[in-house]
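**Q** 3D, please:
(chains A and B)
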Protein chains: 2
Amino acid sequence: MAVYTHLSSEALADLIAHYDVGEVVSAKGIAEGVSNSNWLVETTGGTEGGTRFILTMYERRIDIAELPFFLGLLDHLSEHGAPVPRTIHDRSGAASRTIMGKAVALIEFLPGVSVDEPTAAQARSVGKVLAQMHALAQDFSGQRANDLGPDVSAAVLAECGADALAQIDPALPAVIAVAGDIASRWPTDLPQSVIHSDLFPDNVLMLGDKVSALIDFYFACNDAMAYDLAVTHAAWSFADHGRTYRPEVGQALLQGYESVRQLLPAERESLSLLAQGAALRFVSSRAQDWIDTPADALVTRKDPMDFVRRLDFYRENGAQVFGS
Amino acid sequence: MAVYTHLSSEALADLIAHYDVGEVVSAKGIAEGVSNSNWLVETTGGTEGGTRFILTMYERRIDIAELPFFLGLLDHLSEHGAPVPRTIHDRSGAASRTIMGKAVALIEFLPGVSVDEPTAAQARSVGKVLAQMHALAQDFSGQRANDLGPDVSAAVLAECGADALAQIDPALPAVIAVAGDIASRWPTDLPQSVIHSDLFPDNVLMLGDKVSALIDFYFACNDAMAYDLAVTHAAWSFADHGRTYRPEVGQALLQGYESVRQLLPAERESLSLLAQGAALRFVSSRAQDWIDTPADALVTRKDPMDFVRRLDFYRENGAQVFGS
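**A** Prediction:
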């Protein structure tokens, strides 16, 4: 959530000259992205169309070898009409370049703001767009395995260890056994596509009730479409740090999704378990980050208990919520 | 250099509704400003004109009682044609509002980028615009004393103490005596105006060789115009962390300034001492920040020696450089 690298206006102008977008008029480092540096760049415009772009510098976490998958996916989805920013290619056709030893990509700027407390109408729109994206991604040729499945989450929690987890919250060690159970029952035969797999409200830009853009596809992978819906349900349908389920939001999300793509009976029956797996994933990643981040660091640590509460909710109420 | 406060899109929409600028289309937290949070906000437009604005939230350091001075100065200068962003007033005419207990102001967005290595042509433009600003600020009615004069710098260094300064660099304690000498000889009878007093390249937006905006006036105060020119000289005319003086840049800055406003003989004769005082100010503030900031903090500490080198340069060569 910061700009990690200083990029001089001179270096920026040199970089932008490789694209047919005109000359730089303005550039602001923006506080967006989990582990990348991002700039909002305005230009005089060229044959690529548009005058505003997001320049992303890949700082860490992202394997550069996977950039063609992520950037190609943006192109595929935007070409087919999904509200996803397209990648701007340089004059030689390359989707990414290297500057100061780091990979960078120039990406279309799309308007919209991320909502903090989504309404049912907004959740319905997100459900629709998610289903459209799943349909459009079916014939994307790129392949990327999901490296954050429930088996990985279970292993991460086990590695953290009960003692360290108990220091975060006394209720956390019990999740280790739950994780193993979820992983052992995980469905493997549900219909797949390329999924976003991290569609929090942060990663959706909206204008009123309309979705203007899905962004930040750097967790995208091939996996069950219903799992993506479950991740989105866990991310959108709760208030007060996971203490309050908002049924009107959760239902609107599901209805919006099914208005475009009807779930198969097997998918619907799996949703409760998939939602538990979705919650589990964020419990494990947050627990690991919590343990890895000193308490006095300037970075705000995210409380894994926010998702333990969701996990507990789905274990108790999942069948009812998802009508399975 | 960060966004310190989370501002929800809902809170932002509520805030922007108090201004006649239309509805929010986009909002990005930007990595700008020393101790404020800033967002680049795009709207649908209203009677205020323009669709892009910088929303600044005053987090600390700035005394809220001084906001009318800073925001009124922007209005005065922009009304009189200086390339300075104007303050957008709300429907009741107020220049600032309060949100989440903090003061915020909506400020015109101006294009341009900050240069890292200014050319002589760019320095000449900055000199011209600085002189124009000094002339236009003459009849601004606001008053604010300079609280960062050489007496303050000398006191700050003395409070740091020779031992703590020596831990930063063995050459630093000697500046304590130099500071006292500069403060004792400081001129008090030079012509005054409102000065920017912090016009580093960061605080100037340029399009090519043209200045599109002077920004970040939060150190502005009533003081000698020649001191502002000296600060700008110290900030623009050196490369390699103060090791290399760039005579063509320094001369172009002075020539640009004098093409608009001729310096009086007393100002020219004082420039060497004023430039030493300018360098001293950044030595003292950087030394204090260095001592106050833990070595393992995520914030990059700025080396006070960058300005000790400039101070030494002006002590040795100031008379020659400024032709006094």
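
**Q** Where do the helices of chain A begin and end?
**A** A:9-16, A:67-79, A:120-137, A:150-160, A:162-168, A:175-184, A:225-236, A:247-260, A:265-292, A:305-321 (DSSP state H).

**Q** Which among those helices is found nearest to B:Y257?
**A** Closest to B:Y257 of these, according to C-beta to C-beta: helix A:9-16, at 22.8 Å. Yep, even glycine has a C-beta here, placed from its N, CA and C like the rest.

**Q** Next, A:L263: phi, psi?
**A** phi -70, psi 140 (degrees, to the nearest 10).

**Q** Might one say that it is in contact with A:A224?
**A** No - counting by C-beta atoms under 8 Å, A:A224 is not a contact partner of A:L263; they are 11.0 Å apart.

**Q** So the two - more neighbours on which side?
**A** More crowded of A:L263 and A:A224, by other C-beta atoms under 10 Å in any protein chain shown: A:A224, with 24 against 21.

**Q** quick one, what contacts that one?
**A** Listed by C-beta atoms under 8 Å, 6 or more residues apart in numbering or on different chains, the contact set of A:A224 reads A:187, A:190-192, A:195, A:267, A:270, A:274.

**Q** Show me how to select, in PyMOL, the buried members of those.
**A** Here is the PyMOL command that selects only those of the contacts of A:A224 that count as buried (16 or more other C-beta atoms under 10 Å in any protein chain shown):
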select buried, chain A and resi 190+192+195+267+270+274
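
**Q** roughly how far apart are the residue positioned nearest the centre of chain A and chain B?
**A** Note on chain A: the residue nearest the mean C-alpha position is A:D198, at 2.6 Å, using C-alpha atoms, centre = their mean. When C-beta to the nearest C-beta, to the nearest Å is the yardstick, A:D198 and chain B sit 19 Å from each other.

**Q** do you know how far that residue is from A:L130?
**A** Per C-beta to C-beta, to the nearest Å, A:D198 is found 12 Å from A:L130.

**Q** Ok, A:A103 next?
**A** In this view, A:A103 and A:L130 are 28 Å apart by C-beta to C-beta.

**Q** Neighbour count: those two, which is higher?
**A** Remark: of A:A103 and A:L130, A:L130 carries more neighbours, 26 against 18, as counted by other C-beta under 10 Å.

**Q** Is A:L190 in contact with A:R268, as I believe?
**A** No - because the distance of 10.4 Å does not satisfy C-beta under 8 Å, A:L190 is recorded as not touching A:R268.

**Q** circling back: not counting its neighbours along the chain, what's nearest the residue nearest to the centre of chain A?
**A** Distance criterion C-beta to C-beta, 6 or more residues apart in numbering or on different chains; nearest residue to A:D198, sequence neighbours excluded, is A:F219 at 4.1 Å.

**Q** just A:A13 next, same as before
**A** A:V24 (5.4 Å).

**Q** And that neighbour, what's its pLDDT?
**A** Per-residue confidence for A:V24 comes out at a pLDDT of 97.

**Q** That one: how many residues sit nearby?
**A** Using other C-beta under 10 Å, the number of residues around A:V24 comes to 21.

**Q** quick one, what contacts it?
**A** Each residue near A:V24 by C-beta under 8 Å, 6+ apart is listed here: A:9, A:12-13, A:16, A:41-43, B:113.

**Q** mind redoing it with 10 Å?
**A** For A:V24, the contacting residues are A:9, A:12-13, A:15-17, A:39, A:41-44, B:111-113, B:207, by C-beta atoms under 10 Å, 6 or more residues apart in numbering or on different chains.

**Q** just A:D116 next, same as before
**A** Applying C-beta under 10 Å, 6+ apart, the residues near A:D116 are A:201-202, A:239, B:6-12.

**Q** Among those residues, show me the least confident.
**A** Note: of the contacts of A:D116, the lowest pLDDT belongs to B:H6, at 86.

**Q** Run a quick check on it versus B:M100, I expect a contact.
**A** Yes - taking contacts as C-beta atoms under 10 Å, B:H6 lies within contact range of B:M100: 9.3 Å.

**Q** just the helices of chain A: most buried one?
**A** The highest mean neighbour count among those belongs to helix A:225-236 (a mean of 26), with neighbours defined as mean count of other C-beta atoms under 10 Å in any protein chain shown.

**Q** Next, the angle helix A:265-292 makes with it.
**A** 50 degrees (axes from the mean of the first three to the mean of the last three C-alpha atoms, to 10 degrees).

**Q** just the CA coordinates of helix A:225-236, formatted as PDB?
**A** As requested, C-alpha coordinates have been extracted for helix A:225-236 and formatted as PDB (Å, rounded to 0.1, in the frame of the first residue of the first chain):
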ATOM      1  CA  MET A 225     -15.700 -21.000 -10.400                       C
ATOM      2  CA  ALA A 226     -17.900 -21.700  -7.300                       C
ATOM      3  CA  TYR A 227     -14.800 -21.200  -5.200                       C
ATOM      4  CA  ASP A 228     -14.400 -17.700  -6.600                       C
ATOM      5  CA  LEU A 229     -18.000 -17.000  -5.800                       C
ATOM      6  CA  ALA A 230     -17.400 -18.300  -2.200                       C
ATOM      7  CA  VAL A 231     -14.400 -16.000  -1.800                       C
ATOM      8  CA  THR A 232     -16.400 -13.100  -3.000                       C
ATOM      9  CA  HIS A 233     -19.300 -14.000  -0.600                       C
ATOM     10  CA  ALA A 234     -16.900 -14.100   2.300                       C
ATOM     11  CA  ALA A 235     -15.300 -10.800   1.300                       C
ATOM     12  CA  TRP A 236     -18.500  -8.900   0.700                       C
END
